[in-house]
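>>> sequence first, predicted coordinates after that:
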Amino acid sequence: MATVTAFIRTSKAGNNKPANIRFRLRDGREFQLFHKSTLSVIPEKWDEKLQKIKAKVLIDERERKNLNKSIADRKDLIHTIYLQQGKTLTSEILEVEIDKALNPEKYETQPEIKTLFQWTRHFIEIAPTRKDKNTGRPLVYNMIQQYRATEKRLKEFAHSIKKTDFDFAEIDGYFNDKFVSYLQALNYTQNSVGKHVQVLKTILNAATLQGYNTNSHYRNFHVFTEEVDTIYLNEKELQQLKDADLSKSPCFDRVRDWFLLLAWTGCRFSDLEKVTKSDIKDDFITFRQQKTNTKVTIPLHPVVTEILEKYNYDLPAPITNQKFNEFIKQACRIAEINSPETTTRTEGGKLITSTFEKWEHVTSHTGRRSFCTNMYKRGLQSLTIMSISGHKTEKSFLKYIKVKQEEHAEIMKKEWDKMYK
């Protein structure tokens, strides 16, 4: 019967320097193999008979348990390998099999990747195992969906020029110009084009780090960005929405309440739907944001308190963001939030100006934007608002502020009236 024992070389006895723990596999008198592990122990603390650290030695109890468990686990591993290999096992094979068990990532078969789409397929497959560099948590679903969307656009682009794939060497400035032109021909906005280019650069950078790509032209691809004219609801319009009679449409009523919560807390839709009773205490809501892992504490605005009391502090059941955006538009239409708005943005490489009624462009994100803008107009300091909204930088925060030129002038006039009375 095969046995596995742990020992240290007796020549190390009396020495205060750690000695490697060795293992002997024996099956009868004729068959024995040895394994020198990286586990180590100071010889005077070693119990040769029990093959573990002496029970009465002064040592951190957690350290003792961990080392003794590692010794037992290594014995079990060696025994399992022997049961699988039998007496054909050699010391060299034993070392390899132990290393495979302890370091499986070293022996994973790497896929053969020579082209862009071979890489994008693999990159997306392993995306759920990757960690967000800011939060350390797995990538959110929306990010993985963006990878898929960019891959889809790239494959459609390839089909349009009668190709099925691209070698990494082909991803150069000419490729980028053609890809951008293709997206613009589909009337994509400037920011949508830029997002696909940005994701392409992310994908290629990962391929470079993994050693599949050596072409660095992609580093010079320009990521297009454009400040977009987006709307917010001022406090008067929020009150209009609050006062609107939506009793005939219960679903609109619940969505209206959700929107007002967003507009008076600055929460993202994805965060608010996870807030529970336990997060609400002493007139404050405290939780950790999903996107940034930032902890925020938000005071309860009177409108928020009123809505929470309406639902006994159990928020209305969440619906999909898509349905929410559909319903909130109709709720705002009924509330007659219909002032004419004009926006200008780049579509298909051309500057396009359009006019619409305000309710047509209200979404869940309009609530968070409304909070930031209204608090800014109230004169609250940017850092104070950012501490509530969870924005990391003032640059990203200021993108949310949708104050028109005339409103800036009015804010300054009010401040001057206070200063020069």
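Perfect, thanks for sending it. Computed from a prediction, not measured in an experiment: that's the story for all the values here. Numbers count the residues shown, from 1 in each chain.

>>> what separates the closest residue to Pro299 other than its chain neighbours from Thr384, distance-wise?
Leaving aside its chain neighbours, Pro299 sits nearest to Phe284 (5.8 Å; criterion: CB to CB, 6 or more residues apart in numbering). C-beta here means a position set from N, CA and C on the backbone, and glycine is covered the same way. Separation of Phe284 from Thr384 (CB to CB, to the nearest Å) stands at 15 Å.

>>> now Glu394
Taking CB to CB as the measure, Glu394 falls 12 Å from Thr384.

>>> equivalent analysis for Leu241, please.
If you measure Leu241 against Thr384 using CB to CB, the figure is 25 Å.

>>> show me where pLDDT drops low in the protein?
Low-confidence segments of the chain (pLDDT under 70): 10-15, 58, 109-110, 132-137, 229, 400, 402-408, 411, 421.

>>> got the domain ranges for it?
Segmentation of the chain into domains, based on automatic domain parsing, reads 3-107, 116-220, 235-419.

>>> of all the ones you listed, which one is nearest Val228?
Val228 sits nearest to domain 235-419 of all the domains of the chain, at 5.7 Å, using CB to CB.

>>> now the strands for this protein?
Using DSSP state E, the strands of the chain run over residues 3-7, 19-27, 31-41, 46-47, 52-53, 280-281, 284-288, 295-299, 340-347, 350-357.

>>> buried deepest among those, which one?
strand 52-53 (a mean of 20; mean count of other CB atoms under 10 Å).

>>> so what strands line up beside that strand?
With DSSP bridges as the test, strand 52-53 is paired with strand 46-47 (antiparallel).

>>> which among the strands of the chain is found nearest to Leu183?
For Leu183, the closest of these is strand 340-347, at 10.8 Å, according to CB to CB.

>>> and the angle from that closest one to strand 350-357?
160 degrees (axes from the mean of the first three to the mean of the last three CA atoms, to 10 degrees).

>>> elements contacting strand 340-347?
Packing partners of strand 340-347 (3 or more CB pairs under 8 Å, 6 or more residues apart in numbering; DSSP states H and E): helix 190-209, strand 350-357.

>>> from Ile203, how far off is the residue positioned nearest the centre of the chain?
Taking CA atoms, centre = their mean, the centroid of the chain lies closest to Leu139, which sits 3.7 Å from it. To Ile203, Leu139 is 13 Å away according to CB to CB.

>>> what sits against the nearest residue to Glu341 once chain neighbours are set aside?
Among residues not flanking Glu341 along the chain, Lys358 sits closest, at 5.2 Å (CB to CB, 6+ apart). Taking CB atoms under 8 Å, 6 or more residues apart in numbering, we find Lys358 in contact with 231, 233, 237, 332, 337-341.

>>> so Ile231 makes contact with Thr363?
No. Judged on CB atoms under 8 Å, Ile231 makes no contact with Thr363 at a distance of 9.3 Å.

>>> in terms of neighbours, single out the busier of those two.
Ile231 (21 against 18; other CB atoms under 10 Å).

>>> in space, what's closest to that one - neighbours in sequence excluded?
Leaving out its chain neighbours, the residue that sits closest to Ile231 by CB to CB, 6+ apart is His361, at 5.3 Å.

>>> that neighbour: neighbour count?
Quick note: His361 (other CB under 10 Å) scores 16 neighbours.

>>> now do the one 4 residues further on
Using other CB under 10 Å, His365 has 16 neighbouring residues.

>>> ok now do the residue nearest to it when sequence neighbours are not counted, which residues does it touch?
Of all residues not flanking His365 in the chain, Phe269 sits nearest, at 7.3 Å (CB to CB, 6+ apart). Phe269 sits next to 262, 321, 324, 364-365, 367 when contact means CB under 8 Å, 6+ apart.
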